[in-house]
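Chemist: sequence and predicted structure below; questions after.
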Amino acid sequence: MATSLVRQTKLLSIVSSQLNPAACFRNIHCTAACLKNRAARIREGKGDKSVTYEQAYHPHHIGHRKGWLSQHTSNLQGEDGAAERVVEDVFIRRFMYGTFHGCLADEVVIKRRGNLLVICAVMIQKLLPSKFYFLIGYTEELLSHFYKCPVKIEMQTVEEKVVYKYL
Amino acid sequence: MASSCSQALKQHVCKSSTILRVHLQKSWPKRSFVLNSAADQQPAVSSPEEIVIPKKKTWSKEAVLQALASTVSRDPTASDYRLQDDPYLTPKTSSEFKLFSLSQESGKNAAKYFINTYPKYFQKDYAQPHIPCLMPETLEAQIEEVSEAALIERIHMRKVKAAVDLYDQLQQAGTPVSLDVTNQLLDLICFYGDSDPAQENVPEQRNEETEDVQDEPQTKKGRASKASDQLKAAWKENNNAERIFALLSEPNTHSYSALIRGMVKYGAYSKAFSTYTDLLNNRLKADVNTFNALITAAPEVKEKYNEKWELIVDLLKELAEQKIKPNLLTLNGVLKALRRCGTLGKSQAFPVLSEMKALSIDPSLASYNHLLGIFYKPGAPFLGQTDILQEVMNEVSGKSFTPQDPDDAQFFITAVRICLDTKDIEQAYSVHELLGVGENWRLLGNDLQQNIYYARFFSLLCMMENIDVMLKWYRDLVPSVYYPSSNIMRDLLQALDTDNRLDLIPQIWKDIKQLGHANRQKLVEDLLTLMAREKQDQEVQESFAECALDIKKMYDTGDRGKVIMSWTATSLSDVISVLLAAQRRQDAWEILKLFKTHNRVPSEELLNKFLTCVTESGEVNHAVELVQISAGFCLPETPKLIQRVQQEFQLSEQQKNILSDLEIQTFNSD
């Protein structure tokens, strides 16, 4: 369909140029918008928006100034399952965001070692420790049964969100 | 010539190779090339210890992990492995530890509830090989029709009432139920005492449990200690087990065994014995489990020691007659019964142990526990019996035990109790070493038993060892393994006192605060007395003063006006002495005023000490105020104080007048 559209566009431009030799060439944009230069970037504002280290650096800094948020081996040569890992990661991030609502200080880091799924999270000390442990036990058990693999949570708490700079 | 030579050579080579091959085939039959070097090492001479090199060694799947784990020892600065490694999430007192681990457990139970209530979301199986424990459990019985298979299913799911109802339905419908299945049903009923086991994970079933035998309201909360709740229930008359048993046309050994064991478990001892007589009358043989149960019940039915023993001997004789081999639990039961046989137990204990060895049954920790219990009765004086503990420890040292008997978990606390009573620190160290061997840490028991063990161990250490060793153990075990109680902290303070290391008191006070014992009156008062007793070096005294002021904050009323501890005269004087020794007169003065507010009377020496301090500073006003305070309390030493002030100070007219007034007052009141 795209190729037929391109042909039609070319035809249209040829026809229009023939009709009006001094006309400008305006083509139709027909691919899906990818917005690669706007993803995962927080635009500079008035200076009152606090931003963590993770949020401050843009995706092209991954590997240079940032680490990876999800670590698994399915992107290596000859390994499969990358797409499934991505879907699992998305689910786990939403699950953590919802279960520990308002407590997450930064993005969740997901590491896979063999069969084991390790979820590393930094939390704000918003809840009592006993409530944290309740949610940890609940999350570990539920996700283990859901993904049929042992799930461990490694949690670190901070008093408030660690601000890197203000944008 | 060359060809003939080469021919000869060839033939020679052929011959020698044949000879070699023949030899090879003779001496190393069917061995692979790889293991030649191993075969080389086989000694030609047979030594007394035959070294047998296996052909192939297989390693378990976790061998690498176990080897790696053996390189890492316990980290004394970390908390329990179940908890998160973060300062905010680390418990500081034993109650916090219990709270955190229990809340984690309850989170797990909440998740299990969701998984079992909505199993359709958890059916997709990613795991290869299949992991059965990560699949949702079916809580409701699947088979609905009235059949034997449905009965078996309910027995597997441990639904006692449902199983009994189904059995009755089957009987009414006339379907014969096989003896095996009926025996399984009897086992189920007798094990659970004719009531459903408490279901912890499903809160909505709470109401159904209230119809049960147990009157305790705690079962509604579904506590973890359901075993002890069950055992408090008694065996009722004509309950389902007996009824079903009576319905059986030909009860066999298994049925009798189930019934007798159920009766013994739930306290119907004499009934158990009468059922046993029925068994004998029916000319059936009992099995080893029946005898174990009866031996456990024997001390309950007879009163006198020798009667108990005779009954047990009779039972053992019948066991031998019926040619049943006794197992570990039988002989452990005998030893346990001997604990209740007084002096008879002591004479019979060792013969029982020799029987065990003769039957080649390895004694477990429970046997040793009962042995120690027979010879070391709590509270009784020890007359040269320390050898038994020594012998037991020699037997068990270096061995790794597996749990075989429920009483295994009592061994360590009994052993350490005996060490505490006999004040034997060497044995205590060997007991602690045993705990480190192999899998023995599992036999320390639950949290409560662990606490008891460490409390006794620490008390013994405080009593017997010098302070450096004590502190080394303290830093190793506290707070990663054990959260000491306030009694242990008091023992620790005494140990500090004995070894004259009172400079460590502020550090210990910090630990006490962290452990949450800062509001224990006796502990704090002991601490203050120790600090106030002698004058220390300057910097030590400074730290003491800080500590004393900190303690003072503990005594103040809380936010809601709740009074945690109340001042006593001694504690107030101690605080003042410490502050005075550190030259903090202002703080001491404020505390002196507290005497009046809290209705306590200061002592004579305190006032004298204070006056001496005031003299050093030369504050005349303070001196006069001091005398006024003393007069306010109508203390007998007021005139002496007045004299002292008049002598040591230069007083103004006003002050002289005040003093003379006071003098007259006190003179008149005498």
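Modeler: Happy to help now that I have it.

Chemist: hey, let's count contacts and neighbours off CA atoms from now on
Modeler: Will do.

Chemist: show me what from chain A comes close to chain B.
Modeler: Applying Cα under 8 Å from any Cα of the partner chain, we find that chain A lies next to chain B at A:125, A:129-131, A:133-142, A:144-149, A:154-157.

Chemist: now those: which count as buried?
Modeler: Of the members of the residues of chain A next to chain B, the ones counted as buried by neighbours, 16 or more other Cα atoms under 10 Å in any protein chain shown, are A:125, A:129-131, A:133-142, A:144-149, A:155-157.

Chemist: among those, name the ones in helices.
Modeler: Those of those mapping onto helices are A:129-131, A:133-142, A:144-147, per DSSP state H.

Chemist: do you have the helices of the stretch 351-500 of chain B handy? List them.
Modeler: B:365-375, B:386-396, B:411-422, B:425-435, B:447-464, B:467-477, B:486-498 (DSSP state H, counting those that start in this stretch).

Chemist: low-confidence ranges in chain A?
Modeler: Scanning chain A with the threshold set as pLDDT under 70 gives A:1-24.

Chemist: which residues sit against stretch B:540-553?
Modeler: The contact list for stretch B:540-553 (Cα atoms under 8 Å, 6 or more residues apart in numbering or on different chains) reads B:503, B:505-506, B:509, B:524, B:528, B:531, B:535, B:575, B:578-579, B:581-582.

Chemist: can you say which of these are buried?
Modeler: Applying 16+ other Cα under 10 Å to the contacts of stretch B:540-553, the neighbour count classes B:Asp503, B:Ile505, B:Pro506, B:Trp509, B:Val524, B:Leu528, B:Met531, B:Val575, B:Val578, B:Leu579, B:Ala581, B:Ala582 as buried.

Chemist: which of the contacts of stretch B:540-553 lies closest to A:His72?
Modeler: Checking the contacts of stretch B:540-553 against A:His72 with Cα to Cα, the nearest one is B:Trp509 at 48.5 Å.

Chemist: measure the closest one to chain A for me?
Modeler: Distance, B:Trp509 to chain A, by Cα to the nearest Cα, to the nearest Å: 25 Å.

Chemist: now that residue. Nearest residue, chain neighbours left out?
Modeler: Distances taken as Cα to Cα, 6 or more residues apart in numbering or on different chains place B:Cys547 nearest to B:Trp509, at 7.5 Å, with adjacent residues excluded.

Chemist: mind showing which ranges of the stretch 501-650 of chain B have poor pLDDT?
Modeler: B:557-564.

Chemist: what residues does chain B put near chain A?
Modeler: Contact residues, chain B versus chain A (Cα under 8 Å from any Cα): B:84-86, B:88-89, B:99-101, B:103-112, B:115, B:121-122, B:125-127, B:131, B:134-136.

Chemist: residues in contact with B:Val160?
Modeler: Shown in contact with B:Val160 (Cα under 8 Å, 6+ apart): B:Arg154, B:Leu188, B:Ile189, B:Tyr192, B:Asp194, B:Ser195, B:Asp196, B:Pro197.

Chemist: in helices, which of those residues fall?
Modeler: B:Arg154, B:Leu188, B:Ile189, B:Tyr192.

Chemist: domain parsing for chain B?
Modeler: B:502-594, B:601-669 (the TED database).

Chemist: looking at these, which is closest to B:Pro403?
Modeler: Minimum separation from B:Pro403 across the domains of chain B (Cα to Cα) falls at domain B:502-594, 33.0 Å.

Chemist: what about the closest one, start to end distance?
Modeler: 27 Å (Cα to Cα, to the nearest Å).

Chemist: go on, stretch B:378-394?
Modeler: 22 Å.

Chemist: so for it, what's the average pLDDT?
Modeler: Averaged across stretch B:378-394, pLDDT comes to 73.

Chemist: count the residues that sit near B:Gln405.
Modeler: If you look again at residue B:405, you'll see it is Asp, not Gln. For B:Asp405, the count of nearby residues is 15 (other Cα atoms under 10 Å in any protein chain shown).

Chemist: please apply the same query to the one 10 residues further on.
Modeler: Residue crowding around B:Ala415 was assessed by other Cα under 10 Å; the count is 24.

Chemist: B:Tyr305 now?
Modeler: Neighbourhood size, B:Tyr305 [other Cα under 10 Å]: 17.

Chemist: distance check, it against B:Ala297.
Modeler: 14 Å.

Chemist: which residue packs closest to B:Phe411, ignoring adjacent ones?
Modeler: For B:Phe411, the spatially nearest residue (Cα to Cα, 6+ apart) is B:Asn369, at 4.7 Å.

Chemist: how close does that neighbour get to chain A?
Modeler: Remark: distance between B:Asn369 and chain A (Cα to the nearest Cα) = 37 Å.

Chemist: cross-check the contact I'm expecting between that residue and B:Gln410.
Modeler: Yes: using Cα atoms under 8 Å, B:Asn369 is in contact with B:Gln410, at 6.7 Å.

Chemist: for the two, indicate the residue with more neighbours.
Modeler: Each of B:Asn369 and B:Gln410 has its neighbours counted (other Cα under 10 Å); B:Asn369 has more, 23 against 19.

Chemist: residue contacts, that one?
Modeler: B:Asp407, B:Asp408, B:Gln410, B:Phe411, B:Thr414, B:Ala415.

Chemist: cool, and A:Ala40?
Modeler: A:Gln55, A:His58, A:Pro59.

Chemist: repeat that with 6 Å
Modeler: Shown in contact with A:Ala40 (Cα atoms under 6 Å, 6 or more residues apart in numbering or on different chains): no residues.

Chemist: let's see the ChimeraX selection covering just the buried ones among the residues of chain B next to chain A.
Modeler: In ChimeraX syntax, the buried subset of those is picked out as below (16+ other Cα under 10 Å):
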select /B:84,85,89,99,100,101,103,104,105,106,107,108,109,110,111,112,115,122,125,134,135,136
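
Chemist: okay, and which of the residues of chain B next to chain A map to strands?
Modeler: Counting by DSSP state E, no part of these is found in strands.

Chemist: neighbours around A:Glu88, how many?
Modeler: Neighbourhood size, A:Glu88 [other Cα under 10 Å]: 12.

Chemist: quickly find the element holding it.
Modeler: Per DSSP states H and E, A:Glu88 falls inside helix A:82-99.

Chemist: ok and that helix relative to helix A:129-147, angle-wise?
Modeler: 150 degrees (axes from the mean of the first three to the mean of the last three Cα atoms, to 10 degrees).

Chemist: touching helix A:82-99 from outside, list them.
Modeler: Helix A:82-99 has contacts (Cα under 6 Å, 6+ apart) with A:Ser74.

Chemist: now do that helix: distance to the chain's middle.
Modeler: With Cα atoms, centre = their mean, to the nearest Å as the basis, helix A:82-99 stands 10 Å off its chain's centre.

Chemist: for that helix, C-alpha coordinates in PDB please.
Modeler: Provided in PDB are the C-alpha atoms of helix A:82-99 (Å, rounded to 0.1, in the frame of the first residue of the first chain):
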ATOM      1  CA  ALA A  82      13.800 -10.600  23.300                       C
ATOM      2  CA  ALA A  83      10.300  -9.600  22.600                       C
ATOM      3  CA  GLU A  84       8.900 -11.600  25.400                       C
ATOM      4  CA  ARG A  85      11.400 -10.100  27.800                       C
ATOM      5  CA  VAL A  86      10.300  -6.600  26.800                       C
ATOM      6  CA  VAL A  87       6.700  -7.400  27.400                       C
ATOM      7  CA  GLU A  88       7.500  -8.900  30.800                       C
ATOM      8  CA  ASP A  89       9.500  -5.800  31.700                       C
ATOM      9  CA  VAL A  90       6.700  -3.500  30.800                       C
ATOM     10  CA  PHE A  91       4.300  -5.500  32.900                       C
ATOM     11  CA  ILE A  92       6.700  -5.600  35.800                       C
ATOM     12  CA  ARG A  93       7.300  -1.900  35.700                       C
ATOM     13  CA  ARG A  94       3.600  -1.100  35.700                       C
ATOM     14  CA  PHE A  95       3.000  -3.600  38.500                       C
ATOM     15  CA  MET A  96       5.700  -2.000  40.600                       C
ATOM     16  CA  TYR A  97       4.400   1.400  39.900                       C
ATOM     17  CA  GLY A  98       0.900   0.500  41.000                       C
ATOM     18  CA  THR A  99       1.700  -1.700  44.000                       C
END
